[in-house]
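S.K.: My questions are about this predicted structure, shown below with the sequence.
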Amino acid sequence: MRYVRAIMLLAALLLVPALLVAEQDSEPKLSEGPQNLGADKLALAGYDAVAYHTEEKPVMGDPAITATYAGGVFRFASAENREVFVADPEYYLPAYGGYCAFGFGVDPEAYGVTPGRYQVNPKSFAVIDGRLHLFYRAGDFDGLAEWRKDQEGAKQRADVLWAGQVEGENKIREMRRQAVEGVEQ
């Protein structure tokens, strides 16, 4: 019996650190963070999330072909694209909740602006490492061009800021859940 306990204790001691490392290495789901949605909860200003990947260009979705995910309503150019999205929505969600990737990754010392949630032009995009990134573009400013000047540094800064945004959203959700439970009691 002591041998069984010793083996179980040893297994637990070996397993717990492995689980902690796996927990630290896992990236938060994109759907856990804030989402850049229109007033009507329309995601990507109505553009087809799948077409960015398959056609490598923004394609306006059909208002009659939709799916709801992460609080947003997504439109699709075809029923096939909708089915592809529904099969793996996290894959097709844009990076940084659909906010400007450069806005999250901007170097505040170099640009004199605060990193954060900036709106996008859905026609200004790049698929980077399989993930859709959207950018602000208006007048003479092109967020995608600025991102490409220091893509590695911008991505590192954006990933850190995004993780904080996701953590903040999760804390807000938990506080809301606790408040609702408190009211129900």
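M.R.: Sure thing, it's come through.
S.K.: List the buried residues in the longest helix belonging to the chain.
M.R.: Longest among the helix segments of the chain by residue count, using DSSP state H, is helix 151-184. Residues of helix 151-184 classed as buried by neighbour count (16 or more other CB atoms under 10 Å): Gln151, Ala154, Lys155, Arg157, Ala158, Leu161, Trp162, Gln165, Val166, Glu169. Any C-beta I mention is one placed from the backbone N, CA and C, and that applies to glycine too.
S.K.: just stretch 104-118 next, same as before
M.R.: Quick answer for stretch 104-118 (16+ other CB under 10 Å): Phe104, Gly105, Val106, Pro115, Tyr118.
S.K.: And the closest residue to the last one other than its chain neighbours, how far from Leu134?
M.R.: Translated: Tyr118. Nearest non-adjacent residue to Tyr118, counting by CB to CB, 6 or more residues apart in numbering: Gly103, 3.2 Å away. Gly103 is 10 Å from Leu134, where distance means CB to CB, to the nearest Å.
S.K.: Likewise for Glu152?
M.R.: 19 Å.
S.K.: okay but Gly103 is in contact with Thr114, surely?
M.R.: No: assessed by CB atoms under 8 Å, Gly103 is found out of contact with Thr114, at 9.3 Å.
S.K.: related to what we said a few turns ago, closest to Gly33 out of the buried residues of helix 151-184?
M.R.: Taking CB to CB as the measure, Gly33 lies nearest Val166 of those, at 4.1 Å.
S.K.: The closest one touches Gly33, doesn't it?
M.R.: Yes: using CB under 8 Å, Val166 is in contact with Gly33, at 4.1 Å.
S.K.: Helices of the protein, start to end?
M.R.: With DSSP H as the criterion, the chain has helices at 2-25, 51-54, 79-87, 89-92, 101-105, 108-111, 143-149, 151-184.
S.K.: Now tell me what touches the second one from outside.
M.R.: Looking back up the chat, that one is helix 51-54. Contacts with helix 51-54, where a contact means CB atoms under 8 Å, 6 or more residues apart in numbering, come from Lys57, Pro58, Val59, Phe76, Ala77, Asn81, Val84, Tyr92, Phe125, Val127, Gly130, Leu132.
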